[in-house]
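Asks: starting from these lines, generate the structure:
(2 chains)
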Number of protein chains: 2
Amino acid sequence: MTRAELFSQIQQKSSFLCVGLDPDLEKIPSHLKAESDPIFSFCREIIEQTADFAVAYKPNIAFFEALGPKGWESLQKVQEIIPKDIFTIADAKRGDIGNTSKLYAKAFFETMDFDSITVAPYMGKDSVTPFLEFENKWVILLALTSNMGSLDFQVIEDKEGKPLFLSVLEKSQAWGSPENLMFVVGATRGELIGEVRKAVPEHFFLVPGVGAQGGSLSEVAKYGMNSTCGLLVNSSRGIIYASGEKDFAKAARKEAEKLQIEMKGLLDLYLG
Amino acid sequence: MTRAELFSQIQQKSSFLCVGLDPDLEKIPSHLKAESDPIFSFCREIIEQTADFAVAYKPNIAFFEALGPKGWESLQKVQEIIPKDIFTIADAKRGDIGNTSKLYAKAFFETMDFDSITVAPYMGKDSVTPFLEFENKWVILLALTSNMGSLDFQVIEDKEGKPLFLSVLEKSQAWGSPENLMFVVGATRGELIGEVRKAVPEHFFLVPGVGAQGGSLSEVAKYGMNSTCGLLVNSSRGIIYASGEKDFAKAARKEAEKLQIEMKGLLDLYLG
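Replies: You can find the predicted model right below:
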């Protein structure tokens, strides 16, 4: 998918919502467990009920991988039923030496047909660029994550006072362009999103941490939105586990719609 | 596996060789392609011929993942045939927020039965500790890798002149112990291994980059060995692709034996 197509989708739906698919056998409604592929059935109903409001879906690969080869079959089926005009993110946090990253890229861009993959930056340029060689496919590089551990290394300042996450943003801009490189920028420290936006004015951000992890959507939009929106805000648990009963998909739809309405207000405010 | 068991294995075999299993369909001998599971057949023959000389096997997960669910079945079968007294490393470079790392740990330590997994440190403590909660299982944390891109971020110095990889080593020592935490320390910069060894005197290092990537085994031993050896030196391509013909496994055996003989000399020299 191109950046123009993604922005067009955002305008059509008045939404920049990404729905995170974290299908946990211990959390999905019990009536689904009798099905032949419970986590696929769960994701399918979530997708059917939220597709009106979502511009992206982000399967969290660990939840599938934990189930072995059968989990990978479920993942393939989930990827295949996501409507083609919706952006897909393999949340895999991969990254290895060049010949190995190339194979991870093959796994997610060829064996499966994801639009993008999340990548960890620690191993540097040659661990990232193999993912950027696929046409209309995207890298979403970890910059500033939303977890507690983000304070361990990502904010260490160099001799000029530049935190590591800014070095990652600056250096990696030479590896890709706003047409194939996004960044993970957590929402839990709102003021930092503005700092990141200054460093990378055009690139899209994938923003986790709104809702369950305490970030505020209006702060994210205030500090992070650019002229093509530039934001995909993810919500996982708040949507997919809104109810643990048979009405889970309808409950998910309601939560997704609530976020979309708030997003429409923010898009009108800043881009209207 | 415990550290004492690993060291005992090293003493018995007079070897600290780890054989990296990177089974590439484009590189394995063509006669294997007629088999029902070529990459499993390839790995099985390599393991049978090198097990006398290796104390660890390290399947590179990307090579299996690129093949989809069938690749994961091959990986499970490979893990299962590795002799139980040999240390197994899932070279997966995983790492995500706590609840997600927990599922990756489940995938590699429960769904499969690997002794260890390589983990990327960028997301900090809560992305690493879920892997450390499994008894007799190990995290092998990336510190200083052997690729070109290691120079992008890992050597950035903080205000006190401390490079990032040293911060990773120092901070992570509080998360685990020499009994469940190792570090990836590349061999391509020999003098740095000594610096790393000073920072973490007791922990095992997994050392890539010897051979194909240019590192020297004797330099690694000189600067890196400690009283329980403290080293697992990996060789992948140099062993498994020593021949591309029907004699590939015998050729792999020869290369593994060469390295083991060199390692015996170094163990005698420093620990004898």
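
Asks: who is residue A:183 paired with across the strands?
Replies: residue A:141, residue A:205 (DSSP bridges).

Asks: tell me the contacts of it?
Replies: A:140, A:141, A:142, A:143, A:169, A:172, A:196, A:200, A:203, A:204, A:205, A:206 (Cβ atoms under 8 Å, 6 or more residues apart in numbering or on different chains). Every C-beta, even on glycine, is put in place using the N, C-alpha and C of the backbone.

Asks: and if we set it to 10 Å?
Replies: The neighbourhood of residue A:183, defined by Cβ atoms under 10 Å, 6 or more residues apart in numbering or on different chains, consists of A:118, A:121, A:139-144, A:165, A:168-169, A:172-173, A:196, A:199-200, A:203-207.

Asks: just the ones of these in strands?
Replies: Members of those lying in strands (criterion: DSSP state E): A:118, A:139, A:140, A:141, A:142, A:143, A:144, A:205, A:206, A:207.

Asks: list just the nearest of the residues you listed to residue A:106.
Replies: The shortest approach to residue A:106 among the ones in strands among the contacts of residue A:183 belongs to residue A:139, at 14.3 Å (Cβ to Cβ).

Asks: excluding its backbone neighbours, what's nearest that closest one?
Replies: residue A:131 (4.7 Å; Cβ to Cβ, 6 or more residues apart in numbering or on different chains).

Asks: doesn't that neighbour fall inside a helix?
Replies: Yes - judged by DSSP: H, G, I helix; E, B strand; the rest coil, residue A:131 forms part of a helix.

Asks: so it touches residue A:172, yeah?
Replies: No - look at residue A:131 against residue A:172 with Cβ atoms under 10 Å: they stay out of range, at 11.5 Å.

Asks: what do those two both touch?
Replies: Common neighbours of residue A:131 and residue A:172 (criterion: Cβ under 10 Å, 6+ apart): A:119, A:139, A:141, A:181.

Asks: mind listing what the third one touches?
Replies: What it means is residue A:141. Taking Cβ under 10 Å, 6+ apart, we find residue A:141 in contact with A:95, A:117-121, A:128, A:131-132, A:168-169, A:172, A:175-176, A:181-184, A:203, A:206.

Asks: next: residue A:252.
Replies: A:19, A:42, A:45-50, A:53, A:235, A:238-243.

Asks: now whichever strand or helix holds it, how far from the centre of its chain.
Replies: Secondary structure from DSSP states H and E places residue A:252 in helix A:248-271. Helix A:248-271 sits 17 Å away from the centroid of its parent chain (Cα atoms, centre = their mean, to the nearest Å).

Asks: what's the answer for stretch A:27-35, then?
Replies: With Cα atoms, centre = their mean as the basis, stretch A:27-35 stands 25 Å off its chain's centre.

Asks: strands of chain A, start to end?
Replies: In chain A, the strands defined using DSSP E lie at A:17-21, A:54-59, A:87-94, A:116-119, A:138-144, A:181-185, A:205-207, A:231-235.

Asks: pretty sure residue A:97 contacts residue B:118?
Replies: No - counting by Cβ under 10 Å, residue A:97 stays clear of residue B:118, with 11.6 Å between them.

Asks: got TSV for the strands of chain A, with mean pLDDT too?
Replies: Output for these, formatted as TSV (pLDDT from 0 to 100):
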stretch	mean pLDDT
strand A:17-21	98
strand A:54-59	98
strand A:87-94	98
strand A:116-119	98
strand A:138-144	97
strand A:181-185	97
strand A:205-207	97
strand A:231-235	97
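
Asks: got the CA positions of stretch A:16-26 in CSV?
Replies: Extracted C-alpha coordinates of stretch A:16-26, given in CSV (Å, rounded to 0.1, in the frame of the first residue of the first chain):
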residue,chain,number,x,y,z
PHE,A,16,-6.6,6.7,12.0
LEU,A,17,-7.4,3.7,14.1
CYS,A,18,-5.3,0.6,14.1
VAL,A,19,-6.9,-2.4,15.8
GLY,A,20,-4.3,-4.7,17.5
LEU,A,21,-5.1,-8.4,17.2
ASP,A,22,-3.7,-10.1,20.3
PRO,A,23,-5.8,-13.3,20.4
ASP,A,24,-5.2,-15.0,23.7
LEU,A,25,-6.7,-18.4,24.2
GLU,A,26,-7.1,-17.6,27.9
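
Asks: distance from it to the middle of the chain?
Replies: Relative to its chain's centre, stretch A:16-26 lies at 10 Å (Cα atoms, centre = their mean).

Asks: what's the answer for stretch A:226-235, then?
Replies: Here stretch A:226-235 is found 11 Å from its chain centre; the criterion is Cα atoms, centre = their mean.

Asks: ok, it near chain B or not?
Replies: No - under the criterion of Cβ under 10 Å from any Cβ of the partner chain, chain B is not reached by stretch A:226-235; the shortest gap measures 11.8 Å.

Asks: buried ones in that stretch?
Replies: A:226, A:228, A:229, A:230, A:231, A:232, A:233, A:234, A:235 (16 or more other Cβ atoms under 10 Å in any protein chain shown).

Asks: name the nearest residue to the first one, sequence neighbours excluded.
Replies: The one in question is residue A:226. residue A:201 (6.2 Å).

Asks: surely that neighbour touches residue A:194?
Replies: No - contact between residue A:201 and residue A:194 fails when scored by Cβ under 10 Å: they sit 11.4 Å apart.

Asks: quick one on the thing from earlier: what is the neighbour count of the residue nearest to residue A:226?
Replies: Around residue A:201 there are 10 other residues, counting by other Cβ atoms under 10 Å in any protein chain shown.

Asks: how many other residues sit next to residue A:225?
Replies: 20.

Asks: contacting residues for it?
Replies: Shown in contact with residue A:225 (Cβ under 10 Å, 6+ apart): A:16, A:193, A:197, A:205, A:231, A:266, A:267, A:269, A:270, A:271.

Asks: pull the CA atoms of the helix holding residue A:252 into CSV?
Replies: Extracted C-alpha coordinates of helix A:248-271, given in CSV (Å, rounded to 0.1, in the frame of the first residue of the first chain):
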residue,chain,number,x,y,z
PHE,A,248,-17.6,-9.6,22.2
ALA,A,249,-17.5,-8.6,18.6
LYS,A,250,-20.4,-6.1,19.0
ALA,A,251,-18.7,-4.7,22.1
ALA,A,252,-15.5,-4.4,20.1
ARG,A,253,-17.4,-2.5,17.4
LYS,A,254,-18.8,-0.1,19.9
GLU,A,255,-15.3,0.7,21.3
ALA,A,256,-13.8,1.1,17.9
GLU,A,257,-16.7,3.4,16.9
LYS,A,258,-16.1,5.5,20.0
LEU,A,259,-12.4,6.0,19.1
GLN,A,260,-13.3,6.7,15.5
ILE,A,261,-15.7,9.5,16.5
GLU,A,262,-13.0,11.0,18.7
MET,A,263,-10.6,10.7,15.8
LYS,A,264,-13.0,12.3,13.4
GLY,A,265,-13.2,15.3,15.7
LEU,A,266,-9.4,15.6,15.8
LEU,A,267,-9.1,15.2,12.0
ASP,A,268,-11.7,18.0,11.6
LEU,A,269,-9.9,20.2,14.1
TYR,A,270,-6.4,19.9,12.7
LEU,A,271,-6.9,19.0,9.0
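
Asks: which parts of that helix are buried?
Replies: By 16+ other Cβ under 10 Å, the buried positions in helix A:248-271 come out as A:248-249, A:251-253, A:255-257, A:259-260, A:262-264, A:266-267.

Asks: and the two most separated of the residues you listed?
Replies: The most widely separated members of the buried residues of helix A:248-271, counting by Cβ to Cβ, are A:248 and A:267 (28.0 Å).
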